[in-house]
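[1] sequence and computational prediction follow.
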Amino acid sequence: MPPTFAQLGAPDFIVSALAQRGISQPFAIQAATVADALDGRDVCGRAPTGSGKTLAFGIPLVAGVGNAEPHKPRALVLAPTRELADQIKTELRTFAGKRRVGVAYGGVGYGAQIGSLRRGVDILVACPGRLEDLISQGEANLSAVDKVVIDEADRMADMGFIPAVRRLLDQTATWRQTMLFSATLDGDVATLTRDYQRDPVRHEVGDETPDIRAADHMFWNVAKTDRTEICAEAVDAAGSTVVFCRTRHGCDRVAKQLNGRGIRAAALHGGRSQPQRTRALAEFAAGEVQALVATDVAARGIHVEGVGAVVHYDIAADHKTYLHRSGRTARAGQGGVVVSLVQPEQVKELRSMQRKMGLEQPITDADIAAIRQPSRRQTRHRTLERPAAKRAAADHPEAKRPAAKHRSRHRRSNNNRSRSKGRQRSSQR
């Protein structure tokens, strides 16, 4: 039987705060790393996205952080995307007690972030670019930071942030505790470990890539003109769905078309303002939006529980992108469906990706009934019963959440009419 958070050494106020959210048993990465991190050791953790890393590093940070002076945070969490930084901040605040947690990322005004730094922030969660801007303005100084977390280090590398991460680490206290978490520990990540950690204890949990076996993968041969209708039916069958498009324009167009078919959809991409991105993600997490239509930026920042399906509206550029996208569903022991809408000229490209991932599923005609299986309906209901008042972006899925309203009869009628029209067109072809 795994240890409790109290047995791992977490302070009583943290244990109590987690218990109020229904969280009592640590996940594997938490059980492996919390005690070492509380002892002050450098930690190098390999764990897939969605495995509970925020609590794994958050508990030691909150338990051990000192009180900050204005402009001088005492602990720093570096994250690759705005969405992830905001979610980490929100999660930490649920059990931080009197510790002050601030956030810094681009796409929004500087005022609130500068104001919190001037008042004093014990734990600062930041994206590298905005943090360097604040330092250059004299609003942030990292010399007092003696606890650092680099989260999603492999994605930092993929997005070209490693030089900025190095510059920031060089400004922190010489004697600091450094915790690094990543889905892979090779390449640039291994170099960070070598250059910035002291005798780190290494813990590896789960597969090195997202566990694609946890989801059902379907590859459907769909004509380009039929993709939106098939996508709408897939979302209607699966419930909460992330739909991936290759371009910003494509996201906006598909979101508009889905809404026209009675599917509540919101677009998420780099062309939208940060308030728009934050609102779209919050509405999706709360179950108010059924389909989040996103570019690949979402694959690097979304941490939402209970996503019933992922739809590759535009097939992924490569197998790594496919893995990151598909990892939005079938997390934390839940089921999920991954659907790729494949056009005839893309078959060769797709087969190459399948071989690299060990996926042998055939390319078939669209089969909405395959999504409507009892086990998947249960996943769908868990997703749609999440109210807006409860944040669904936390790493840990054990928080208790009350029920929310189901979709209206009007939307179901719209969906039924869309399916009827689709069947009529199919019979005419």
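    It's in.
[2] ranking helices and strands of this protein by mean pLDDT, which lands last?
    helix 374-384 (a mean of 38; mean pLDDT, DSSP states H and E).
[3] shaky segments in the protein?
    49-50, 206-212, 298-303, 331-334, 373-429 (pLDDT under 70).
[4] could you chop this protein up by domain?
    Per the record, the chain has its domains at 5-204, 212-428, by automatic domain parsing.
[5] how about a markdown table for those, with mean neighbour count added?
    Yep, even glycine has a C-beta here, placed from its N, CA and C like the rest. Putting those into a markdown table (neighbours: other CB atoms under 10 Å) gives the following:
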| stretch | mean neighbour count |
| --- | --- |
| domain 5-204 | 20 |
| domain 212-428 | 19 |
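[6] might one say that E360 is in contact with R351?
    No: counting by CB atoms under 8 Å, E360 sits too far from R351 to count as a contact (10.1 Å).
[7] so V297 sits in a strand?
    No: per DSSP: H, G, I helix; E, B strand; the rest coil, V297 lies outside any strand segment and is helix.
[8] quick one: contacts for it?
    T81, L268, H269, G270 (CB atoms under 8 Å, 6 or more residues apart in numbering).
[9] for it, give its distance to T174.
    Remark: distance between V297 and T174 (CB to CB, to the nearest Å) = 35 Å.
[10] now do the helices in the stretch 1-150 of the chain.
    5-8, 12-20, 28-38, 53-64, 82-93, 111-119, 128-136 (DSSP state H, counting those that start in this stretch).
[11] may I have the first one as CSV, with CA atoms only?
    It refers to helix 5-8. Extracted in CSV, the C-alpha atoms of helix 5-8 (Å, rounded to 0.1, in the frame of the first residue of the first chain):
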residue,chain,number,x,y,z
PHE,A,5,1.2,12.4,2.2
ALA,A,6,1.6,12.7,6.0
GLN,A,7,3.9,9.6,6.0
LEU,A,8,6.0,11.2,3.2
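[12] show residues contacting it.
    Contacts of helix 5-8 (CB under 8 Å, 6+ apart): 12, 14-15, 18, 23-24, 26, 30-31, 34-35, 38, 59.
[13] who's V342 bridged to?
    N221 (DSSP bridges).
[14] looking at it, it is touching A223, isn't it?
    No: if you go by CB under 8 Å, V342 and A223 don't touch, sitting 10.3 Å apart.
[15] what ranges does the stretch 151-300 of the chain have for its strands?
    177-182, 201-204, 216-221, 241-244, 265-268, 291-294 (DSSP state E, counting those that start in this stretch).
[16] tell me the angle the first one makes with helix 53-64.
    Relative orientation of strand 177-182 versus helix 53-64 (axes from the mean of the first three to the mean of the last three CA atoms, to 10 degrees): 170 degrees.
[17] ok, strand 177-182: who's next to it in the sheet?
    Strand 177-182 is paired, per DSSP bridges, with strand 43-46 (parallel), strand 147-150 (parallel).
[18] list of residues touching the first one?
    Judged by CB under 8 Å, 6+ apart, the contacts made with strand 43-46 from elsewhere in the structure are 29, 32-33, 36-37, 53, 56-57, 179-185, 193, 197, 200-205, 208.
[19] and for stretch 10-18?
    Looking at what lies outside stretch 10-18 - CB under 8 Å, 6+ apart - the contacts are 4-6, 24, 34, 38, 55, 59, 62-63, 94-95, 97.
[20] kindly report the same for stretch 101-121.
    Under CB under 8 Å, 6+ apart, the answer for stretch 101-121 is 67-73, 82, 85-86, 88-89, 92-93, 100, 122-127, 129-131, 133-134, 137, 139-140, 273-275, 277.
[21] and stretch 191-201, by the same measure?
    With CB under 8 Å, 6+ apart as the criterion, stretch 191-201 contacts 33, 36, 41-44, 150, 153, 162, 165-166, 169, 178, 180, 185.
[22] how about S326: what's its closest non-neighbour residue?
    Distances taken as CB to CB, 6 or more residues apart in numbering place V338 nearest to S326, at 4.6 Å, with adjacent residues excluded.
[23] should've said A370
    M218 (6.5 Å).
[24] so how far is K320 from K356?
    Applying CB to CB to K356 and K320 gives a distance of 9 Å.
[25] correct me, but the residue nearest to S326 touches H217?
    Yes: with contact defined as CB under 8 Å, V338 reaches H217; the gap is 4.8 Å.
[26] so who does R246 touch?
    Here R246 is in contact with T295, D296, D314, A317 (CB under 8 Å, 6+ apart).
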